[in-house]
Structures are given as C-alpha cells and as structure tokens.
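K.L.:
this is a predicted model, with the sequence first.
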Amino acid sequence: MKKSELKNFLDEKVLQYNTLDFIESDPVQIPHLFTRKEDVEIAGFLSATIAWGNRTMIIKNSHRMIDLMGNAPFDFVMSHSNDDLQRLETFVHRTFNGQDFSSFIKSLQNIYQNHDGLEAVFSKHQEPASMQKSISEFKKIFFEIPHQYRSQKHVSDPLNGSAAKRINMFLRWMCRQDSKGVDLGIWKSIPPAVLSCPLDVHSGNVARKLGLLTRKQNDGKAVAELDFKLRKIDPNDPVKYDFALFGLGVFEGF
C-alpha cells in the first residue's frame, strides 16, 4: 500500500471509530462522567490504570472505583480518612487490589498538595518529540512518598523498556483536542503532536500488517518506531490513528 493510500485508509478508519458511539464500549466513558478538571483527570487516571483484560470488566470495575470514592474523586483524594481507605480494601481488578488503590489515593493527594496536580507533573518534563521522559519522571514523583512496593508495577516506565500503554492512553484522553468529543482534551500544556500511540496486542498486530511496525515486541522501542511512522502521516495529531488501529484489531479482526 502506497503512503497516500495508507493515509487515506487510516483516515477513513479514524472517521469510522472516532465517534461518540465509541465511548459506550470504552473506559474513556469514566472521565466523561465529570466536568470538574480534577475529577476528570483523577477518574481518567484510575480507570486507565486498570485498563487491561476484558473491556466489560474494566468498565464495571472503573465504575466501582468511582462509587467507592463517593462519586467525588478529587474530594476523596484530598480529604479521605483512614476509614475511607479501609473501604477500598474490598476492591480488586486482576492484580490491582485494595492496597494498590489506597496507595494510589495517597500518591495522588501528594501530587495535588505538593506538585500542583497531574497536568503540572506530566508537562514539566516533556520533550519536543516525546513524553517518555515525562512518564518516567511522573513515576518517580508518584512513588516518592511511603507506599506499597507492590503498587509500583501498576505504573509503567518507558525508560525501562515498557510500552506504557495505559499511561499513553490516559495522556491521549487528557491532551488530544478531539472535535468528535471522545478524547477530552482538558490539558492545554502538552501538544497532541508529542503523544504516543497506546500500543497493545491489537494495535501492534494491525500496525505490523500495515507496515507501520517491524519490531516484534510491543515495548518502548516499538512505540518509538510507531511514533516515527504515524508522525510522518500526521505530525500534528498522530495518536488519532489509535482509533484506526484499535478499531481494525478489536472490531474487525484485521
């Protein structure tokens, strides 16, 4: 497929899947429940954190997280009591359990109290063409306070070779200016041009079939390769093609 043909094909698939209907079957619906900036980003971060496995279960458990926080994520993060945290002990999604949930709440409180919030932390270390260092620095700050050691595995570090799929998805939700209303685009300090595609089994397999990816592993190096190819197709909004790759893989079995 020629470059122009590939771009046209991908653009058509973006138009097909980047619609409000997409929200109904995707965890992006969780941050859409809120309008307050801090509620949106906390709900988005937590739901993205558990976004692996069965999508129906991801959405179900994301809603349960919100319920356990009294449907007020920011207020809960900033003013929770020990009794409130004990309520979280019943939560479990695959290997993310109530201890992890409590640890994340404490880390989020530290970020809002001492680092001006999630957007400030992520935007501080961004580079001209990459968010990889920024994500790595975010993990350091996130776990700078006493925490459950086991919880560290739930925040990926791309500088250690991870594809950081869930954080890249969260950043797409927060930063991408989406005229269709799927991605929320509430963060203005990080341009969509520097975002990376959330690479997983589905998008990786489709990318290889389309000649966008040669690396066999879905790791940090594969993300960099896919970034390079997608930014040549659309330098300003490369991660819009996540809709195309994901849709082709999940809904069409491409």
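P.N.:
Right, received. Where do you want to start? Quantities reported herein were computed from a predicted structural model and do not represent experimental measurements. Numbering: from 1, shown residues only.

K.L.:
now the residue nearest to L199 when sequence neighbours are not counted: which helix or strand?
P.N.:
In space, and not counting its chain neighbours, L199 is closest to A163: 4.5 Å by C-beta to C-beta, 6 or more residues apart in numbering. Every residue, glycine included, has its C-beta placed from N, CA and C. For A163, there is no enclosing helix or strand under DSSP states H and E.

K.L.:
thought A224 was touching A163, still the case?
P.N.:
No - in this structure, A163 is not within contact of A224 by C-beta atoms under 8 Å, at 9.9 Å.

K.L.:
out of the two, which sits in the more crowded spot?
P.N.:
The residue with more neighbours, out of A163 and A224, is A163; 25 against 16, by other C-beta atoms under 10 Å.

K.L.:
tell me the pLDDT at that one?
P.N.:
The per-residue pLDDT reported for A163 equals 96.

K.L.:
that one and L46, how far apart?
P.N.:
As for A163, its distance to L46 is 20 Å (criterion: C-beta to C-beta, to the nearest Å).

K.L.:
over to Q217?
P.N.:
From Q217 to L46 the distance is 28 Å (C-beta to C-beta).

K.L.:
of these two, which one has the most company?
P.N.:
L46 (25 against 11).

K.L.:
list the contacts for the more buried one?
P.N.:
For L46, the contact set (C-beta atoms under 8 Å, 6 or more residues apart in numbering) comprises 30, 62, 65, 73, 104.

K.L.:
which helix or strand contains it?
P.N.:
Element membership of L46, judged by DSSP H and E, is helix 37-49.

K.L.:
burial check on H80, number of neighbours?
P.N.:
18.

K.L.:
that one contacts F101, doesn't it?
P.N.:
No - contact status for H80 versus F101: not in contact, 11.1 Å apart, counting by C-beta under 8 Å.

K.L.:
ok, which stretches of the protein are helices?
P.N.:
3-17, 37-49, 55-68, 73-79, 82-87, 98-114, 118-124, 132-142, 165-175, 201-209, 220-233, 241-250 (DSSP state H).

K.L.:
save those helices as a markdown table, and put in distance to H154 too.
P.N.:
What follows is those, written out as a markdown table (distance: least, C-beta to C-beta, whole Å):
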| stretch | distance to H154 |
| --- | --- |
| helix 3-17 | 28 |
| helix 37-49 | 6 |
| helix 55-68 | 13 |
| helix 73-79 | 17 |
| helix 82-87 | 17 |
| helix 98-114 | 6 |
| helix 118-124 | 16 |
| helix 132-142 | 10 |
| helix 165-175 | 9 |
| helix 201-209 | 19 |
| helix 220-233 | 17 |
| helix 241-250 | 21 |
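
K.L.:
of those, which stretch is the most buried?
P.N.:
helix 165-175 (a mean of 26; mean count of other C-beta atoms under 10 Å).
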